[in-house]
Structure formats: structure tokens, C-alpha cells
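Novice: Return a 3D structure for these sequence lines:
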Amino acid sequence: MLWQPALSDRYTLASPSALAQGIAARRKELGTKLVILGHHYQTDEVIVHADFVGDSLKLSQTAAKHVAATGAKYLMFCGVHFMAETADMLTPPEVAVILPDLSAGCSMADMADYDEAVLAYDTLSAALKKAKVKARIVPVTYVNSTAAIKAFVGQRGGAVCTSSNAVAILKWALAGGDIKPAAGEQIKVIFLPDQHLGRNSAAAMGLNVDTETVLYDPRRAHKGEALGGMTIEQLKDAKVLLWAGHCSVHKLFRPEHVTQIRLAEKDLPRAERTTVLVHPECSKEVVDLADLAGSTEYIITQINKAKAGSKWAIGTEVHLTNRLAQAAKARGVHVRILSDCQCLCTTMYRIDQPHMLWVLDNLAAGKVVNQVSVLPAVRPLALLGLERMLRMSGTTPDAIRAGVGATVAD
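Specialist: As a prediction, the model looks like this:
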């Protein structure tokens, strides 16, 4: 987590309406020089100020196109740190990408440390060689990861993926990535940082997750278990090596939340039962019990086209779910969150109106605060991982910066 300076009373004691008015005034003053991005998980008081609302990669791509069209100079990303990093890489260097609160990180992204990833890659590769297994490890990272992890992946012939294309990228990696396997060479994939997306994607490919996937836990490696908790036999047999990371929001959805709905509706005709729709960051046990699973864009699409009278229980972040429920209600569609627990992204919640106004006041005074810039040594390697994914979708980072690249779904 990065350090965020405390705000003065001018911001912390102001009423929500006063803050909203101040933000609106500064936005008008800054005009087309400013664009505000709002991630789906943000609160309504933040979303109301956003020029564009979406998931992380889509927002970065949308911002790049907007910058190319308007010449905007300031991009305020109301999301978390790794999202701002991606936006910085996909927009021209003269654009300042700003995160209103630098402490808005992502616990899942932070579960994959660069040095730990290098250690894992080197240790597992050496273990396979010692066991006389001719194998190559191709790393894949979920877009919800730091620029450093994207660079780790890019430097080693791997690629970034989203929850929409994780299966396609996993297939590409298991086929050797950009390098055709040598004669007799096995390909293994190390999937970071979300074990659940990796496991669910492997299962969707038809892999046996009990034998063809295995968990690597960096914490166990630190305690002296060189293979991160796996045995050499498990390493030899597995095709996908899952990093022991997870989303703190989606981990809160549990199998019993689904079974409670099933039991309550067991006597209803099938057409009157609730459809359970979850994100693939949920555990495999939840995904297996659900009716449907897919990315945030997939979830939104399913609800937007749902028939009147249908009932839905969604396993994803509460602010997004509440907005979907409110919009669906007008069409006679009932939407609820799968669990009654407080399933919100607490780090995303750190972005608020006081921090937004503080940033805008500084911009109006000619000062850029909280700029997120990917280090020059990291940027080209991280872009390699992004480029391999984007190329498979018919675009490139340069095309996105120029405002002509196709949008890749999160």
C-alpha cells in the first residue's frame, strides 16, 4: 500500500452536497483537459462524476481513445492502483494518470510479489530439470495484477488475461505461447495471482483440476517448502500451477449461499426459480453450483437482457449489484446479491468525494498530485504481456493509444 497524505478539514468535514458542487465546479473549470473514469465497484457518489464507467481494462482503453480524440491531459482513475498503472501504459506519456487516494490498492494484486514470482519460476523450473522432466513454464497473469508482475510475465514469454479471455489465453500458453514446443517438451502454465480464475478456466478447458492443477503458495515457500506446498509428483503431473491468491470480495460467496436458494425454491416450477450468476473469481465450488458464470461485462449483459418476471442472485461486488438491481427493477426483473454479507471492495471504497475534490483543487492550481507512473524499466516488459493478449484480440497498445484499437473485454 502506498502512503496517502491526510486531507484537511476543508475536505473531511464538508457535506456530500458541498463536495459534489465543488467537484462539478472544478470539472467545468478544467473542461476537456480532464476525464474521470469510474470503476463498476465504486459508490454512487463517485460514479455520478464519472465520464466513463466500466471494468479496469475497458476503462483504460476507453480513456486512451478519449485522449486521442480530445487531447485530454489529466486522467483521474477512480479505481485501484493496478488499474491506474494499466491506464498509464495505454495512454501517451504526456497524460497524467491520477489515483485520488494512493492507498486504494488491491489485496489480490498484492498477493503476487515480483521477487516471489521470480523465485517460484526459477525454483519450479530447476525442480523439473532435476527430475529429468523436459518442461517449460509459461506464465500468465490476470489483468488484476501489478505492473511488476505483468513485466515478470512479459519477460518470460507469457501474457496478461482478463476474466473474459482467460480460457483462450490459457490454451495459447499451454500450446507454448509464441514459441512452439520442442520435441518432447512439456508446457506448464503458472497462473497469477487469482487461483480461482485459473482453476475455473482450467476446468472450462476440460482439465481435471484435481490432478492437472496444483497450488503454489509463496507463504509456504518462505517457510522452507521449496515447491510452495506441492510435491514433485504433483508438479510433474500438473499442467497449470495456480498461485495462492484470491479476491477478497468474491471469496465471501460460499456454496451454502447457492444451496440456500435451491432449498427455498425446490417446490417452485423451474421457470420461477432464481438464476444464480457469479463471477469466475468465485471459488470453483460456487461456480459449479451456479447456473451461469462470467466476467463483469457478461453479468451486466445477462441482466440487461433478462426477461420481465425473472429472478437473479448475483455473486459479485455489492455496489455494482445494487445498481444493476435498481435498473432492472424498472423492467420487472428482480436482482439480489447472492450473499447478504457486506461484499464490497474495501480498498476501492477509499476513493471518495473528498479525495476527488482535493485532486481537482490541486489541478486547478496547476499542481498534479497522486500521479501513477510505471517505471521506465518496467513499462516495456509489462507492455509485452499486454501486447500478446491484445494481439490475439486484433489490436495493439499503439493502436489503442492512437484511438483506433479494438476494445478487449475484461
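
Novice: Using the record's domain definitions, break the protein down for me.
Specialist: As assigned by automatic domain parsing, the chain contains the domains 9-103+347-374, 110-243, 250-337.

Novice: Just tell me which of these ends up closest to Asp398.
Specialist: The closest of these to Asp398 is domain 9-103+347-374. By CB to CB, the value is 9.7 Å. Placement of C-beta: from N, CA and C, glycine included.

Novice: The closest one: how far from the chain's middle?
Specialist: Distance of domain 9-103+347-374 from the chain centroid (CA atoms, centre = their mean, to the nearest Å) equals 18 Å.

Novice: picking up where we left off before, with distance to Arg388 as extra columns, can I get the domains of the chain in CSV?
Specialist: Converted to CSV, those look like this (distance: least, CB to CB, whole Å):
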stretch, distance to Arg388
domain 9-103+347-374, 14
domain 110-243, 4
domain 250-337, 19
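
Novice: and of those domains, who's closest to Thr407?
Specialist: domain 9-103+347-374 (5.1 Å).

Novice: I figured Leu192 hits Val138, correct?
Specialist: No. Between Leu192 and Val138 there is no contact under CB atoms under 8 Å: 11.9 Å.

Novice: Tell me which of the two has more neighbours.
Specialist: Remark: of Leu192 and Val138, Leu192 carries more neighbours, 30 against 24, as counted by other CB atoms under 10 Å.

Novice: contacting residues for that one?
Specialist: Residues near Leu192 by CB atoms under 8 Å, 6 or more residues apart in numbering: Ala112, Ala117, Pro139, Val140, Thr141, Tyr142, Ser145, Ile149, Val153, Trp243, Gly245.

Novice: For these, which single residue is the most surrounded?
Specialist: The most crowded member of those, judged by other CB under 10 Å, is Thr141 (32 neighbours).

Novice: So that residue, which state does it fall into?
Specialist: Three-state call for Thr141 (DSSP: H, G, I helix; E, B strand; the rest coil): strand.

Novice: Can you name the residues bridging to it?
Specialist: Beta-bridge partners of Thr141, counted by DSSP bridges, are Val160, Leu192.

Novice: what's the spacing between it and Phe191?
Specialist: Computed as CB to CB, to the nearest Å, the Thr141 to Phe191 distance reads 8 Å.

Novice: for Tyr121, same thing?
Specialist: To Phe191, Tyr121 is 12 Å away according to CB to CB.

Novice: Where does pLDDT dip in this structure?
Specialist: 1 (pLDDT under 70).

Novice: Centre-most residue in it?
Specialist: Residue closest to the average C-alpha location in the chain (CA atoms, centre = their mean): Asn144, at 3.4 Å.

Novice: if we can go back for a sec, overlap of the contact sets of Tyr121 and Phe191?
Specialist: With contacts defined as CB under 8 Å, 6+ apart, the residues adjacent to both Tyr121 and Phe191 are Pro139.

Novice: Between these two, point out the one with more neighbours.
Specialist: Set Tyr121 next to Phe191 and count neighbours by other CB under 10 Å: Phe191 wins out with 29 against 19.

Novice: Surely that one and Val140 touch.
Specialist: Yes. The pair Phe191 and Val140 passes the contact test of CB under 8 Å, sitting 5.2 Å apart.

Novice: what do the two both touch?
Specialist: Overlap of the contact sets of Phe191 and Val140 (by CB under 8 Å, 6+ apart) consists of Leu170, Gly198.
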